[in-house]
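K.L.:
I'll drop the sequence and a predicted model, then ask my questions.
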Amino acid sequence: MTKLNEYGWNTFHEANWEELNDRFKMKKCVPARVTLEHKRMYRVITEEGEWLSVCSGAFQYDAVERRDFPAVGDWVAVEKMPGEERGIIHAILPRNSLFSRKVAGEAIAEQIIAVNVDIVFLVMSMNQDFNARRLERYLVAAYDSGANPVVILTKKDVCDNPTYYIEEARNIAFGVDVFAVSNVTGEGIEQLTDLLKDRKTAALLGSSGVGKSSLTNAICGDEMMVVQDIRGDDDKGRHTTTHRELVKIPTGGVLIDTPGMREFQLWENSESLDSGFKDVEAFADACKFNDCQHGNEPGCAIQEALATGTLAADRYASYLKLQKELAFLERKIDRAAQSAERNKWKKVTKSMRKNPSKKK
């Protein structure tokens, strides 16, 4: 019999389950965790085993946006279909974290990466893939999710100067643990498994070819994920993981592997920008005037830090760029929401005209 606590079930989820049952009296349902998602079909793990499940009609009718549907890592209330290893999902339990990004391209929509995650492993390799600006984005998104970020630098066994990359990461991820590991020799892997022993859930985030699937295999001690070599000409990786999947770690804990992402645009993370740029915020707080615009005002600590080199110009430029990006996204989302609301009421009005009896 499967023990749910091996998949991250804890007192937080237990309390939410009891409240959900008190409100909706779902006696036929049992708690389950989503381990895989594929075109609105879900593989869930219950105490009775794994079931392939779909959302009920009422559930789908009430859902408005992407986060209203289950995602990998969710705890759900599922009812087993009589005589089958299949289920119907009736509700999602409240989440304790949600990691997402804007979908790639021009569309203004959210893509959920993982939910109910305690730790986000931000993975970069110690070669040409290492990108300081991308790491800044990862950190902001991680802080916004409610999970704790941990930076993992892979391919230590083939790196001539690991210290350089470690220091670069620490200069960006203030106060965040940075681990240099090798999936080949196993160096640093035990430190990562130790972080998950208390039935914690971690998600892996990084671009293609940084070694996420190999890292999953190293942590799990088995060839669970197919891996491919990186391209020799530019150190860029090939896509290996094509879906998000939750796996249980033999030593304790749960890991969610995710597809590689070349592009990572933030999604409504304005409040967490400060957490990802603590150094910039510290300089801003030291300005002489509270309303300093960090231009030519006297006593501007940011301009002084830029002049002395205490604050790197490219890091400050990245901070300003992300500020503008988030402000633009916020305006676009507001307009999209207003348009959706107008269209909704247009449909309601049109329906009323066709069916006058519904007005009564």
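P.N.:
That came through fine.
K.L.:
Mind naming the longest strand for the protein?
P.N.:
Determined from DSSP state E, the single longest strand within the chain is strand 29-38.
K.L.:
So which residues of the protein form helices?
P.N.:
With DSSP state H applied, the chain shows helices at 11-24, 57-62, 132-145, 162-172, 189-196, 212-220, 273-276, 278-285, 301-308, 313-354, listed in chain order.
K.L.:
Tabulate those helices in TSV, adding columns for distance to Thr251, mean pLDDT and mean neighbour count.
P.N.:
Quick note: C-beta positions are derived from backbone N, CA and C, even for glycine. Output for the helices of the chain, formatted as TSV (distance: least, C-beta to C-beta, whole Å; pLDDT from 0 to 100; neighbours: other C-beta atoms under 10 Å):
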stretch	distance to Thr251	mean pLDDT	mean neighbour count
helix 11-24	22	90	14
helix 57-62	35	92	12
helix 132-145	24	88	22
helix 162-172	25	95	16
helix 189-196	5	94	17
helix 212-220	8	89	23
helix 273-276	30	80	20
helix 278-285	33	90	16
helix 301-308	44	94	16
helix 313-354	37	67	12
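K.L.:
rewinding a little: the longest strand of the chain: how far from the chain's middle?
P.N.:
Mean C-alpha position of strand 29-38 versus that of the full chain (C-alpha atoms, centre = their mean, to the nearest Å) differs by 18 Å.
K.L.:
Now that strand - C-alpha only, PDB.
P.N.:
These are the backbone C-alpha positions of strand 29-38, laid out as PDB (Å, rounded to 0.1, in the frame of the first residue of the first chain):
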ATOM      1  CA  CYS A  29     -13.100  10.900  -2.800                       C
ATOM      2  CA  VAL A  30      -9.500  10.200  -1.600                       C
ATOM      3  CA  PRO A  31      -6.500  12.500  -1.600                       C
ATOM      4  CA  ALA A  32      -4.000  12.000  -4.400                       C
ATOM      5  CA  ARG A  33      -1.000  13.700  -5.900                       C
ATOM      6  CA  VAL A  34      -0.600  14.500  -9.500                       C
ATOM      7  CA  THR A  35       2.600  12.900 -10.800                       C
ATOM      8  CA  LEU A  36       2.200  13.500 -14.600                       C
ATOM      9  CA  GLU A  37       0.000  15.700 -16.800                       C
ATOM     10  CA  HIS A  38      -0.800  15.100 -20.500                       C
END
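K.L.:
between the helices of the chain, which one is nearest to Thr258?
P.N.:
Nearest to Thr258, of all those, is helix 212-220, at 7.3 Å by C-beta to C-beta.
K.L.:
could you give the angle of that closest one to helix 189-196?
P.N.:
Using axes from the mean of the first three to the mean of the last three C-alpha atoms, to 10 degrees, the direction of helix 212-220 lies 80 degrees away from that of helix 189-196.
K.L.:
who does helix 212-220 touch, helix- and strand-wise?
P.N.:
With contacts taken as 3 or more C-beta pairs under 8 Å, 6 or more residues apart in numbering; DSSP states H and E, helix 212-220 sits against strand 119-125, strand 148-154, helix 189-196, strand 201-205, strand 254-257.
K.L.:
picking up where we left off before, okay, the helices of the chain in a markdown table with distance to Phe69 next?
P.N.:
Formatted as a markdown table, the helices of the chain follow (distance: least, C-beta to C-beta, whole Å):
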| stretch | distance to Phe69 |
| --- | --- |
| helix 11-24 | 17 |
| helix 57-62 | 8 |
| helix 132-145 | 18 |
| helix 162-172 | 34 |
| helix 189-196 | 27 |
| helix 212-220 | 24 |
| helix 273-276 | 28 |
| helix 278-285 | 34 |
| helix 301-308 | 42 |
| helix 313-354 | 17 |
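K.L.:
nearest to Pro259, of these?
P.N.:
Proximity to Pro259 (C-beta to C-beta) singles out helix 212-220 among these, at 8.9 Å.
K.L.:
How far does the closest one sit from its chain's centre?
P.N.:
Taking C-alpha atoms, centre = their mean, one finds helix 212-220 lying 18 Å from the centre of the chain it belongs to.
K.L.:
Ok, stretch 310-318 next?
P.N.:
Put simply, stretch 310-318 sits 26 Å off its chain's centre (C-alpha atoms, centre = their mean).
K.L.:
With stretch 11-22 instead?
P.N.:
24 Å.
K.L.:
Same check on stretch 91-101?
P.N.:
Relative to the centre of its chain, stretch 91-101 is centred 10 Å away, using C-alpha atoms, centre = their mean.
K.L.:
now swap in stretch 317-327 and tell me
P.N.:
That offset, for stretch 317-327, works out to 20 Å (C-alpha atoms, centre = their mean).
K.L.:
please begin residue numbering at 21 from this point
P.N.:
Okay, residue one is now 21; in that scheme the one you just asked about reads as stretch 337-347.
K.L.:
Let me have the helices and strands packed on helix 232-240 in JSON lines, extended by distance to Ala97.
P.N.:
JSON lines is the format used below for these (distance: least, C-beta to C-beta, whole Å):
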{"stretch": "strand 139-145", "distance to Ala97": "26"}
{"stretch": "strand 168-174", "distance to Ala97": "28"}
{"stretch": "helix 209-216", "distance to Ala97": "26"}
{"stretch": "strand 221-225", "distance to Ala97": "19"}
{"stretch": "strand 274-277", "distance to Ala97": "20"}
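K.L.:
Just tell me which of these ends up closest to Leu293.
P.N.:
Taking C-beta to C-beta as the criterion, strand 168-174 is the member of the helices and strands packed on helix 232-240 that comes nearest to Leu293, at 14.1 Å.
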